[in-house]
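Chemist: 3D model of this:
(one chain, ligands or ions: 2)
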Amino acid sequence: MSAFARLLTQSPVLESVIRSAQIVAATEAPTLIVGETGTGKELMAQALHESSRRSRQPFVAINCAAIPETLVESELFGHRRGAFTGALEDRLGHVRSAQGGTLFLDEIGELPLAAQAKLLRFLESGEVQPVGESRPQRVDARIVAATHRDLHARVREGLFREDLYYRLQVVPIELPPLRERQGDAEWLLSRFLDEFAARHGLQPPRLTLAARRRLAAHRWPGNVRELRNLAERLVVFFSGREVDAGNLPADIAPQALAAGLSRFTLPEQGIDLERLESDMIRQALDRAGGNKSRAARLLGLSRDTLLYRLKKFAIEA
Ligand SMILES: Nc1ncnc2c1ncn2[C@@H]1O[C@H](COP(=O)(O)OP(=O)(O)OP(=O)(O)O)[C@@H](O)[C@H]1O
Ligand SMILES: [Mg+2]
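Modeler: Ligands and ions are numbered 1, 2, ... in the order given. Here you go, the predicted structure:
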């Protein structure tokens, strides 16, 4: 099985990104993966490595945002014992540890400028200069970088070197956010529900129409990670049962809010809620040409709930 098969999708947009990535994997070109949080940048970096001819060599992943600025150079490029106070032993550094393999620079947008200069030098010469070492050393490591930031904006702000930006941009891979991947959220959710149900020895829950509608309107700021976490929670709490819209976490907003509409405001003099409800139902039926399932979807109700209300308001479809 190809390492890319772990990137599940039904979206033509992401499928085409994966096809280009498969071509890129076979090359040595520095690769920059961009995408919002949770879109699969790390998964993609691993797939690039595992499908390359370097797959049996090390894959060294480092999070540039997690290293204190004063340590970043020696963390990346290593140092010689005694090069500075506290350098008690020789240190290889991440770049040299990736010898023969792939160096994954995660959150590259956070790399301090001084380290950016050294990284660029490495990319151009294939050599690193460990702190306190008199001669540069050759390293053969492929660079894959990732960021959730708009790197070009960082360049304009003077926080990211333009030359390094272009050097990394040779083969950009852009992972689309989940909300732009038509149909993926619902398809992935059912895969993840089955996966977690099997893992925990539980039955997957069933989602009502209203719950599915609400999920369809959600913008998924945490992308696939958010979806996976939700799937696991639903399996744990609703195994073998029904999940309705009201059972979803509060940050999965009701449709009216998610669709960007403003909140309904209660008029000063109050309203006749029953009348509002029956008017909305009539309008939905009208718009749906009398089709009750479609009218129910427009209202965020299940078909059964709509039928009950039609009876209650004595509305003839
Ligand atoms: N297309 C996908 N198919 C299956 N699982 C996915 C997919 N994309 C992401 N995931 C899963 O979602 C979670 C987040 O993915 P990953 O860590 O690769 O995201 P990221 O882009 O690196 O996020 P961040 O910017 O927050 O580091 C992981 O559990 C990963 O396995
Ligand atoms: Mg990541």
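Chemist: just checking, Pro130 touches Gln137?
Modeler: Yes: at 6.9 Å, Pro130 and Gln137 qualify as touching, with contact defined as Cβ atoms under 8 Å. For the C-beta atoms, the positions are set from N, CA and C on the backbone; glycine is no exception.
Chemist: which neighbours do the two share?
Modeler: Residues touching both Pro130 and Gln137 (Cβ atoms under 8 Å, 6 or more residues apart in numbering): Arg96.
Chemist: which of the two has more residues huddled nearby?
Modeler: Remark: of Pro130 and Gln137, Pro130 carries more neighbours, 23 against 15, as counted by other Cβ atoms under 10 Å.
Chemist: state the distance from the more buried one to Val72.
Modeler: Distance of Pro130 to Val72, computed by Cβ to Cβ, to the nearest Å: 13 Å.
Chemist: for Ala21, same thing?
Modeler: 28 Å.
Chemist: equivalent analysis for Glu157, please.
Modeler: Distance from Glu157 to Val72, by Cβ to Cβ: 19 Å.
Chemist: ditto for Ser2
Modeler: 34 Å.
Chemist: more crowded one of these two?
Modeler: Using other Cβ under 10 Å as the criterion, Ser2 and Val72 rank with Val72 on top: 20 against 12.
Chemist: can you check the pLDDT for the nearest residue to the more buried one once chain neighbours are set aside?
Modeler: Nearest non-adjacent residue to Val72, counting by Cβ to Cβ, 6 or more residues apart in numbering: Ala115, 4.6 Å away. Note for Ala115: predicted pLDDT of 91.
Chemist: would you agree Ala115 falls within a strand?
Modeler: No: secondary structure of Ala115 (DSSP: H, G, I helix; E, B strand; the rest coil): helix, not part of a strand.
Chemist: I'd say it and Glu73 touch.
Modeler: Yes: contact criterion Cβ under 8 Å: Ala115 and Glu73 qualify, at 5.5 Å.
Chemist: give me the more crowded residue out of the two.
Modeler: Glu73 (21 against 18).
Chemist: helix, strand or coil: sort out the more buried one for me.
Modeler: Going by three-state DSSP: Glu73 is helix.
Chemist: quick check: residues of this protein near ligand 1?
Modeler: Counting by Cβ under 6 Å from any ligand atom, the chain comes close to ligand 1 at 7-9, 35, 37-43, 148, 224-225, 228.
Chemist: please pick the buried ones from those residues.
Modeler: Those of the residues of the chain next to ligand 1 that meet the buried threshold are 7, 9, 35, 38-41, 43, 148, 224, 228, by 16 or more other Cβ atoms under 10 Å.
Chemist: okay if I get these as JSON lines plus pLDDT and distance to Glu174?
Modeler: Shown next, in JSON lines, are those (pLDDT from 0 to 100; distance: Cβ to Cβ, whole Å):
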{"residue": "Leu7", "pLDDT": "97", "distance to Glu174": "14"}
{"residue": "Thr9", "pLDDT": "97", "distance to Glu174": "14"}
{"residue": "Gly35", "pLDDT": "96", "distance to Glu174": "6"}
{"residue": "Gly38", "pLDDT": "97", "distance to Glu174": "15"}
{"residue": "Thr39", "pLDDT": "98", "distance to Glu174": "9"}
{"residue": "Gly40", "pLDDT": "98", "distance to Glu174": "12"}
{"residue": "Lys41", "pLDDT": "98", "distance to Glu174": "10"}
{"residue": "Leu43", "pLDDT": "97", "distance to Glu174": "15"}
{"residue": "His148", "pLDDT": "94", "distance to Glu174": "12"}
{"residue": "Val224", "pLDDT": "98", "distance to Glu174": "15"}
{"residue": "Arg228", "pLDDT": "97", "distance to Glu174": "21"}
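Chemist: how about Ile62, secondary structure?
Modeler: Applying three-state DSSP: Ile62 is strand.
Chemist: around it, count how many other residues there are.
Modeler: Here the number of neighbours of Ile62 (other Cβ under 10 Å) works out to 22.
Chemist: same thing with Gly201?
Modeler: Quick note: Gly201 (other Cβ under 10 Å) scores 7 neighbours.
Chemist: same thing with the one 10 residues further on?
Modeler: In terms of burial, Ala211 registers 22 neighbours under the definition other Cβ under 10 Å.
Chemist: in terms of secondary structure, what does the one helix or strand it maps to contact?
Modeler: In the assignment (DSSP states H and E), Ala211 maps to helix 209-217. If you count contacts as 3 or more Cβ pairs under 8 Å, 6 or more residues apart in numbering; DSSP states H and E, helix 209-217 packs onto helix 184-200, helix 255-258, helix 292-299.
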